[in-house]
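**Q** Curious how this folds, go ahead:
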Amino acid sequence: MSFDATVAPKFDTCFAVTCRMCQSQNFVKVVESDFNAWRKGELIQNALPYLDVNQRELLQTRICGTCFDAMFSDEN
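**A** Sure thing, here's the model as predicted:
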């Protein structure tokens, strides 16, 4: 019997990122070598696939998921 199990990455770096819209402080844990691969040009979704879309957006733009959703909601 075999199992396909996803092994959690061993996070070794934690970034404190302040949302530039609401000033909330958020923490994102990554594997440093993956982060460096992204900074050197790898697509963020490939370099950091274990982060959710909100965490990736926060690293790229410094906008948290709540503010991002509010900016692009259909409500006026």
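**Q** Using neighbour counts, pick out the buried residues of stretch 31-39.
**A** Neighbour-count burial for stretch 31-39 flags 31, 34-35, 37-38 (criterion: 16 or more other C-beta atoms under 10 Å). C-beta coordinates here come from the backbone N, C-alpha and C atoms, glycine included.
**Q** so where's this protein uncertain?
**A** Residue ranges of the chain with pLDDT under 70: 1-8, 75-76.
**Q** quick one, strands of it?
**A** 13-18, 25-30 (DSSP state E).
**Q** Most tightly packed of the ones you listed?
**A** Highest mean neighbour count of those: strand 25-30, a mean of 15 (counted as mean count of other C-beta atoms under 10 Å).
**Q** Show residues contacting it.
**A** 11, 13-19, 48, 51, 55, 58-59, 64 (C-beta atoms under 8 Å, 6 or more residues apart in numbering).
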